[in-house]
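*Asks:* Fold the following and give me the result.
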Amino acid sequence: MNLLKQQKDQKNFKISVLSEYATHQHIIQVMKLIFWLTSENVPLHKLKSFINFSRFIGVPYIKSSNDNGLMYDNHATSLEMLDAFAQTIEDKI
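*Replies:* Numbers count the residues shown, from 1 in each chain. Now for the predicted structure:
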């Protein structure tokens, strides 16, 4: 019985790690999309549409809005990410 519990715990840990990794990768992909949108002077309110398009064409790690995770597709979040980019660039100058 102890062996079954250990196996279950290991499986749960693996699922948790993989889920966290996928969420981390999703955030990175969204940040790349925000960077591209702004570098092409595309308004940030197009982010949600761009995320949906990215999912449609099969960009890895882009979650759908009905996944049980955050999409990071709202305008306020995209502005915060853009501010983080700007601050990082400003700090390097």
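*Asks:* which other helices and strands contact the longest helix along the chain?
*Replies:* Scanning the chain for the helix with the most residues, using DSSP state H, yields helix 2-39. Counting contacts by 3 or more C-beta pairs under 8 Å, 6 or more residues apart in numbering; DSSP states H and E, helix 2-39 is packed against helix 47-56, helix 75-92. Using the backbone N, CA and C atoms, a C-beta is placed for each residue, glycine as well.
*Asks:* The first one relative to helix 75-92, how many degrees between them?
*Replies:* What it means is helix 47-56. An angle of 90 degrees separates the directions of helix 47-56 and helix 75-92 when computed by axes from the mean of the first three to the mean of the last three C-alpha atoms, to 10 degrees.
*Asks:* that older thread, quick one: average pLDDT of the longest helix of the chain?
*Replies:* Averaging pLDDT along helix 2-39 yields 83.
*Asks:* which parts of it are buried?
*Replies:* Residues of helix 2-39 classed as buried: 23, 26, 27, 29, 30, 31, 33, 34, 37, 38 (neighbour count, 16 or more other C-beta atoms under 10 Å).
*Asks:* Between which two of those is the distance greatest?
*Replies:* The distance between the two most remote of these (C-beta to C-beta) is 22.9 Å, for 23 and 38.
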